[in-house]
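Student: A predicted structure for the sequence below; I have some questions about it.
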Amino acid sequence: MPNGHPHAALVVIIEDELQIRRFVRAALEMEGYVVVESETGKLGLMEVGTRRPDLIVVDLGLPDMDGIDMILDIRSWSNVPILILSARSHETDKVSALDLGADDYLTKPFGVPELMARVRALLRRSIRSCAEDTPIIRFGDVEVDLIQRTVTKNGVVVHLTSIEYRLLMQLVSNAGRVLTHRALLNDVWGPNQTSNIHYLRVYMSSLRHKLEYDPNRPKHILTESGVGYRLVIT
């Protein structure tokens, strides 16, 4: 049984490469997840629609449809977490998939530990979104009180600017998910500032200095190189 999951989570794998499917399935089943496989996009959509899984693992390069089209289809009726697996390593591919609704992206080849860490993070996020909203979010030594709108580290109040707080709220509400530069800039600064990545880097650096134990080796506010940022709650 997966850690932190009261029932075995159901994962649908949509991948045309048999070896990759078997590799991912074996890794998931070793952790106690229930796995359903599909080798085409159309069959995968049928499985997702009928089984209502807890997580979808999908390859972008399917034989009958592009994974991007699949993301758009699923996002039109479901918020189920989507983890992309792909040999496409260009940052533009990652950004496009994430901006269109994918939650995370793994580039082939990848190892079991990284795969399972991503899976656990997305399922934790899914569980939190389905449960009653908690007013307190904790990661490391940091505690965020969503009702009082306060942030403390080791019990000491951390003073954040309004922009730093809005950035933190975006990360907290999407914990475990990769947020692209464009998405963060749009949500915090507005649609006219989506190209000003320098702003984002400056404020993320400031957040790390205020919240991380070692801002030069962050454990929670992580950079996805060329793509965006992710908050890891452990």
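Tutor: It's in. What you see is a predicted model; the values in this text were computed from it and never measured. Residues are numbered from 1 along each chain as shown.
Student: Residue 186 contacts residue 195, correct?
Tutor: No. Here residue 186 does not reach residue 195: they are 10.5 Å apart, not a contact under CB atoms under 8 Å. In this view, the C-beta of every residue, glycine as well, is placed from N, C-alpha and C.
Student: For these two, indicate the residue with more neighbours.
Tutor: Applying other CB atoms under 10 Å to residue 186 and residue 195 shows that residue 186 carries more neighbours, namely 15 against 10.
Student: could you point out where the protein is predicted with low confidence?
Tutor: 1-7, 89, 125-134, 234 (pLDDT under 70).
Student: Assign the residue sitting nearest the centre point of it to helix, strand or coil.
Tutor: Geometric centre of the chain, nearest residue: residue 177, 1.9 Å, by CA atoms, centre = their mean. When classified by DSSP: H, G, I helix; E, B strand; the rest coil, residue 177 comes out as coil.
Student: Domain-wise, how is the chain divided?
Tutor: 10-130, 136-231 (automatic domain parsing).
Student: Pick the most buried one from these.
Tutor: Of those, the one with the most neighbours on average (mean count of other CB atoms under 10 Å) is domain 10-130, at a mean of 18.
Student: Grab the nearest non-local neighbour of residue 225.
Tutor: residue 91 (8.0 Å; CB to CB, 6 or more residues apart in numbering).
Student: Now for that neighbour: which residues touch it?
Tutor: 225-227 (CB atoms under 8 Å, 6 or more residues apart in numbering).
Student: which ones among those are found in strands?
Tutor: Secondary structure defined by DSSP state E assigns none of the contacts of residue 91 to strands.
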